[in-house]
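[1] The amino acid sequence is not available; the structure is as follows:
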């Protein structure tokens, strides 16, 4: 291992520990948003030098976080480290063509795996919290109580009297943020390693992101179970439906990026869209519909 690579690993470890532990320290303010960039150092290491170096970084970070609590270390490993290692493996996966060119694993397939992994992750977390609805709701109530103790400033924000709403909403909120955080940081990690000259793979822009047709069938099944099921099964199906809908929203944005490629007002159009969906969340619904209509990956050419 070179001294430069070791230095980057130690810096990434330091940032990981700080970004993950900062929200739990009781601090408030704008620096709280740094938590959302927790996977960025991981994706940079993974895209620049591969998943093996990322494994070393993650193990050191897990050891540091375990000083503050074993459960925190397990949560970090499950939510951030292991998924980042998984995606970094595919980021560097390639084969050689007949003419000697390297063919890298497509970014859009990595995004599909990201959505599917979010379904598995939220299901595992829900089942870990409780194997029946009563046990699950008791655990959720305990989690909210612990959040109030660590971050009393959030009590008014998170104050919900209906335990049923709390139980159903928390996994959906988690999986929504997880997909957005990992998608944004995957893109930033690749851009950062590209800017610093460490990116080994060919770059694929955001307008290439698509979801395979099987995701539509999974979404349809999950929605049916969410409406007809009850108890823990309904919560799992609802969370999986939300994860897929978020994936299709990002797919819809990718379509918009593609069809505006040759437009001279592209920057203004894209900026306006992002500002509007930030200020008025229901505008995400048309983007989600566009993403779903692209299930055959033919909508881009039709629009163009």
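    Structure received. Fair warning: this is a prediction, and the values are worked out from it, not measured in the lab.
[2] so where is the stretch 1-150 of the chain shaky, pLDDT-wise?
    By pLDDT under 70, the low-scoring segments of the stretch 1-150 of the chain are 1-9, 11, 14-19, 21-33, 143-150.
[3] What ranges does it have for its helices?
    All helices of the stretch 1-150 of the chain, identified by DSSP state H, counting those that start in this stretch, fall at 3-21, 40-49, 51-66, 70-76, 82-91, 107-129, 133-150.
[4] who wins for proximity to residue 284 among these?
    helix 107-129 (16.0 Å; Cβ to Cβ). (Glycine included, C-beta is placed from N, CA and C.)
[5] Name the residues of that closest one that come out as buried.
    For helix 107-129, burial by neighbour count (16 or more other Cβ atoms under 10 Å) applies to 107-108, 110-112, 114-119, 121-123, 125-126, 129.
[6] wait, residue 234 sits on residue 223?
    No. Applying Cβ atoms under 8 Å as the test, residue 234 and residue 223 come out as separate, 11.3 Å apart.
[7] just to revisit the earlier point, mind putting the helices of the stretch 1-150 of the chain in JSON lines, distance to residue 263 included?
    Output for these, formatted as JSON lines (distance: least, Cβ to Cβ, whole Å):
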{"stretch": "helix 3-21", "distance to residue 263": "37"}
{"stretch": "helix 40-49", "distance to residue 263": "30"}
{"stretch": "helix 51-66", "distance to residue 263": "38"}
{"stretch": "helix 70-76", "distance to residue 263": "42"}
{"stretch": "helix 82-91", "distance to residue 263": "30"}
{"stretch": "helix 107-129", "distance to residue 263": "22"}
{"stretch": "helix 133-150", "distance to residue 263": "45"}
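[8] Burial-wise, tell me which of those comes out on top.
    Most buried of the helices of the stretch 1-150 of the chain, by mean neighbour count (mean count of other Cβ atoms under 10 Å): helix 40-49, with a mean of 26.
[9] Remind me what that helix packs against, helices and strands.
    In this structure, helix 40-49 makes packing contacts with helix 3-21, helix 51-66, helix 82-91, helix 163-195, judged by 3 or more Cβ pairs under 8 Å, 6 or more residues apart in numbering; DSSP states H and E.
[10] Adding distance to residue 251, write the ones you listed out as CSV.
    CSV is the format used below for the helices and strands packed on helix 40-49 (distance: least, Cβ to Cβ, whole Å):
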stretch, distance to residue 251
helix 3-21, 28
helix 51-66, 26
helix 82-91, 18
helix 163-195, 11
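[11] Could you check these and tell me which one is nearest residue 39?
    If you check each of these against residue 39 by Cβ to Cβ, helix 163-195 wins as the nearest, at 4.2 Å.
[12] following that closest one, which helix or strand comes up?
    Downstream of helix 163-195, the next assigned helix or strand under DSSP states H and E is helix 214-228.
[13] So which elements touch that following helix?
    helix 107-129, helix 231-259.
[14] still on that earlier bit, figure out which of the helices of the stretch 1-150 of the chain is closest to residue 201.
    Smallest distance to residue 201 across the helices of the stretch 1-150 of the chain (Cβ to Cβ): 6.5 Å, for helix 82-91.
[15] Give me the distance from the closest one to the chain's centre.
    Relative to its parent chain, helix 82-91 has a centroid offset of 12 Å by Cα atoms, centre = their mean, to the nearest Å.
[16] Counting by contacts, list what that helix packs against.
    In terms of contacts (3+ Cβ pairs under 8 Å, 6+ apart), helix 82-91 is packed against helix 40-49, helix 51-66, helix 107-129, helix 163-195.
[17] now what about that helix, what contacts it?
    Helix 82-91 is contacted from outside by 39, 42-43, 45-47, 50-51, 54-55, 58, 105, 109-110, 113-114, 117, 121, 182, 186, 190, 201, using Cβ atoms under 8 Å, 6 or more residues apart in numbering.
[18] ditto for stretch 111-120
    Residues contacting stretch 111-120 (Cβ under 8 Å, 6+ apart): 83, 86-87, 90, 175, 178-179, 182-183, 186, 209-212, 215, 218, 239-240, 243-244, 246-247, 250.
[19] Distance from the chain centre to that stretch, please.
    9 Å.
[20] Stretch 275-287 too?
    19 Å.
[21] what's the answer for stretch 230-240, then?
    Between the centre of stretch 230-240 and the centre of its chain there are 20 Å (Cα atoms, centre = their mean).
[22] Rounded mean pLDDT for it, please.
    Confidence for stretch 230-240, expressed as mean pLDDT, is 89.
[23] Can you give me the buried ones in it?
    By neighbour count with 16+ other Cβ under 10 Å, stretch 230-240 contains the buried residues 232, 234-240.
[24] Now do residue 302 against residue 296, distance only.
    From residue 302 across to residue 296, the span is 10 Å (Cβ to Cβ, to the nearest Å).
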